[in-house]
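K.L.:
coordinates only, no sequence provided:
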């Protein structure tokens, strides 16, 4: 609990209060507010206490407390009068008020949801209390012949060096496995697949894990593990998890040393079900002083007085003595990890995430602008109806300022009602929005800042939507208004058309964006992947007992009829893990040292995944010379190496990772899309080994139902390896997961487009209603003189179609420019066609035609006698 004696009320608020408050109330009010401030600071938070103090100060802006306030209170009377008149006008014009209210509610709901989403993005990693002092060590790879590549994966010896020799600059150094590891945990409740990190003990304190039970230093024991609350509940139910035993991957027993609070969705380590000791991960195959194996993320916490840029420059060359190439280090602060960690040729660039923040923020602003435009359009269109009211009020002595306050009061009333309704709507639809946006945002109903910002936005919206009517209508000539000669004229009509053009320009931009995003995603989804995803499963070997059983498993699985092919590799097919440089071949320039995706496979891998051999042959099980001597490359590797006749060519490798140093190319296969499906394929080299590998690939029998095949598959594995959990993933599902970010963006943009069209059509409907009501007598006369309905429809409708056509012409080049820039980030992309923008324009015109036609045909069908009598 804070000591409230260390905090004082905001001095500016005190000064403001004493400036306007009556002297006789000063001492008493200050005492009460200070007492309230101290209580809130002690029991809640200092920030909340300060916000509440300001709130209480503004509460005293009332007649009884204001210095030199006169008792007749003309201002207060005028305020009450304006409020009553505004409420009457809203209720009297229910239809138009509902249009305004609907537009504002929809737009403000969007603003609230996008605002919460943007705040979630901007506050990423705020959960980690030492965020300002934490940085990740990054590395620049200057490979000759390639662009500078910025990476995060480092050798463990670097972290050891920083910890032992640079403690003057870093309070803590912690290394972590460079990617989350999925492991099988077994308790008396069953087998569970959980994903987490292997990390050094200091990492728990550095990242500020909020321990609910146990010791934050628990990872100092190599056989210990820290679990998240959710994971502990899953593994042990209501039992106390502390000091319980977990069996990991069927062969390692770990003791639960602590339980930490689940990390929030907007943390870089979200989803970490566990943290286990890094030493446990590397035991038996590597060490903490290895320089030639890159598999670690290294994090540092800088001392208070250390400048990040100076520390970054200090460690820049630490890797150079331990590598053949040019590789330089730098520090990337934690507050840049999420939105500012994309690089091109070594230089930071605007990330896709940050572009989405800008895009959605702009969409929210534009959608509010559309609703404000509706308000202004409808107000100016209704000016003739209110002209007499204004003339009478001016004749009775009303000043222009009083009339302006009247119109602004109406706008504020609608705006605040809209915000309160929108807040309720946002709270209701937030779970749906979270699902689309892949977020876990909670509605901040108890956060005073949310309401303060919300009402401020309402105030701004009220000013924007009510300003033009306030200035325009309050300036009407009273004499002309009373005579009935007032008309908004060509200027008013031109303004309305201009605002309609702006509305539909935004709508068409969003519709075009929806079409292009959808096309781009479908284009990438239909891209040839170089292997067959259908009925292909990957089974990670999570139990040590599965090793040595490949031949038995392969035979029994095929015998069961559930499987037609079985193969193995050291990595899944849907990622590009495993990359090396240091290769040489005939004709390679001495300074050219590219990196290749390097994969170990067995004889059956190619036919199991269904790769397509375009030159040479597949690995041959009957040729023992293939093992550790032959390789298969992809087409992009052949192109990068500049080999006209790749088959039979030799390549050399500077290390002995793959059992030999010299290999013969026996085949070329089509590029396999394993990484980002929107980018160029990574050049790959496949090495043959007879060792058992970490991932087994299974091609299910397409003639059997998938559920039946899976049951047989599980039965075989349980029979041969009883202790191994049956854990698998469908390759097509893993591949489709790569499109989720673009699909989410597409869904959100399409929702914004629909809402923009809806709001625009609301305003259009209101305008048409006003205009047809104004021309009721003209319609009656034309019908009496024999004008057909089609002629009346054309007369009333065309004036509203022209602005939409103009909007199409304006929106098309803007949309092309913006969307072309967005597509520029992708290597594999569509070529934009003119019909996309034509279709977007036709969609806007079609929706407008439907909106306008409904009201105009209804007016044209009315009895002309009644139309004339209405005048």
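P.N.:
That came through, no problem. What you see is a predicted model, and the numbers here were worked out from it, not measured in a lab. Numbering: from 1, shown residues only.

K.L.:
all contacts plus neighbour counts: C-alpha atoms, from now on.
P.N.:
Will do.

K.L.:
tell me who's in contact with the closest residue to residue 739 other than its chain neighbours.
P.N.:
Distance criterion CA to CA, 6 or more residues apart in numbering; nearest residue to residue 739, sequence neighbours excluded, is residue 521 at 7.0 Å. Each residue near residue 521 by CA atoms under 8 Å, 6 or more residues apart in numbering is listed here: 739, 742, 743.

K.L.:
going along the chain from the host helix or strand of residue 521, find the next helix or strand for me.
P.N.:
Using DSSP states H and E, residue 521 sits in helix 489-525. The first helix or strand that comes after helix 489-525 along the chain, using DSSP H and E, is strand 536-540.

K.L.:
could you look up the next helix or strand downstream of whatever helix or strand residue 781 lives in?
P.N.:
Secondary structure assignment for residue 781, by DSSP H and E: helix 776-784. For helix 776-784, the following helix or strand on the C-terminal side (DSSP H and E) is helix 789-823.

K.L.:
run the chain-centre distance for stretch 335-355.
P.N.:
Offset of stretch 335-355 from its chain centre (CA atoms, centre = their mean, to the nearest Å): 14 Å.

K.L.:
before we move on, the earlier item: what mean pLDDT does the helix holding residue 521 have?
P.N.:
Mean per-residue pLDDT for helix 489-525: 82.

K.L.:
ok, now stretch 726-737?
P.N.:
On average, stretch 726-737 scores 90.

K.L.:
for ChimeraX, what selects the buried ones among the contacts of residue 521?
P.N.:
Paste this into ChimeraX to select the buried members of the contacts of residue 521, with burial taken from 16 or more other CA atoms under 10 Å:
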select :739,743
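
K.L.:
now tabulate the contacts of residue 521 in TSV and tack on secondary structure and distance to residue 141.
P.N.:
Shown next, in TSV, are the contacts of residue 521 (DSSP: H, G, I helix; E, B strand; the rest coil; distance: CA to CA, whole Å):
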residue	secondary structure	distance to residue 141
739	helix	28
742	helix	29
743	helix	32
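
K.L.:
want to throw the contacts of residue 521 into JSON lines with distance to residue 451?
P.N.:
Shown next, in JSON lines, are those (distance: CA to CA, whole Å):
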{"residue": "739", "distance to residue 451": "36"}
{"residue": "742", "distance to residue 451": "32"}
{"residue": "743", "distance to residue 451": "32"}
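
K.L.:
the stretch 651-800 of the chain: strands as residue ranges?
P.N.:
Secondary structure of the stretch 651-800 of the chain, counting by DSSP state E, counting those that start in this stretch: strands at 662-669, 684-688, 695-700, 729-730.

K.L.:
counting contacts, what elements does the first one pack onto?
P.N.:
The criterion is 3 or more CA pairs under 8 Å, 6 or more residues apart in numbering; DSSP states H and E, and the helices and strands that strand 662-669 contacts are strand 613-616, strand 630-634, helix 635-641, strand 650-653.

K.L.:
which among the ones you listed is found nearest to residue 255?
P.N.:
Residue 255 lies closest, by CA to CA, to one member of the helices and strands packed on strand 662-669: strand 650-653, at 42.5 Å.

K.L.:
okay, and residue 279 sits in which element?
P.N.:
helix 278-282.

K.L.:
so for that helix, what gets flagged as buried?
P.N.:
With burial defined by 16+ other CA under 10 Å, the residues of helix 278-282 counted as buried are 278, 279, 280, 281.

K.L.:
for stretch 729-737, same thing?
P.N.:
Neighbour counts over stretch 729-737 (16+ other CA under 10 Å) mark 730, 731, 734, 735 as buried.

K.L.:
roughly how far is it from the heart of the chain?
P.N.:
Offset of stretch 729-737 from its chain centre (CA atoms, centre = their mean): 21 Å.

K.L.:
kindly report the same for stretch 566-581.
P.N.:
With CA atoms, centre = their mean, you get 28 Å for stretch 566-581.

K.L.:
what's the end-to-end length of that stretch?
P.N.:
Stretch 566-581 has its terminal residues 30 Å apart, counting by CA to CA, to the nearest Å.

K.L.:
again, but for stretch 299-309
P.N.:
Counting by CA to CA: the opening and closing residues of stretch 299-309 are 15 Å apart.

K.L.:
any buried residues in it, and which?
P.N.:
299, 300, 301, 302, 303, 308.

K.L.:
ok, now which ones touch the fifth one?
P.N.:
With contact taken as CA under 8 Å, 6+ apart, residue 303 is in contact with 133, 168, 169, 170, 171.

K.L.:
gap between the fourth one and residue 297?
P.N.:
Distance check for residue 170 against residue 297: by CA to CA, it reads 16 Å.

K.L.:
next one: the second one
P.N.:
Remark: distance between residue 168 and residue 297 (CA to CA) = 21 Å.

K.L.:
which one of the strands of the stretch 651-800 of the chain lies closest to residue 100?
P.N.:
Of all those, strand 729-730 comes closest under CA to CA, at 49.9 Å.

K.L.:
let me see the contact set for residue 213.
P.N.:
242, 258, 259, 260.

K.L.:
now it: how far from residue 227?
P.N.:
10 Å.

K.L.:
pull out the buried positions in the helix or strand where residue 256 lies.
P.N.:
Residue 256 is located in strand 252-260, with elements delineated by DSSP H and E. Residues of strand 252-260 classed as buried: 253, 254, 255, 256, 257, 258, 259, 260 (neighbour count, 16+ other CA under 10 Å).

K.L.:
what's the answer for stretch 688-701, then?
P.N.:
Within stretch 688-701, the residues scored as buried using 16+ other CA under 10 Å are 688-689, 691-701.

K.L.:
same thing with stretch 812-826?
P.N.:
Within stretch 812-826, the residues scored as buried using 16+ other CA under 10 Å are 812, 815, 816, 819, 823.

K.L.:
tell me the contacts of the nearest residue to the fourth one once chain neighbours are set aside?
P.N.:
Using CA to CA, 6+ apart and skipping residues adjacent in sequence, the residue nearest residue 819 is residue 513, 6.9 Å away. Contacts of residue 513 were listed using CA under 8 Å, 6+ apart, and they are 746, 749, 750, 815, 819.
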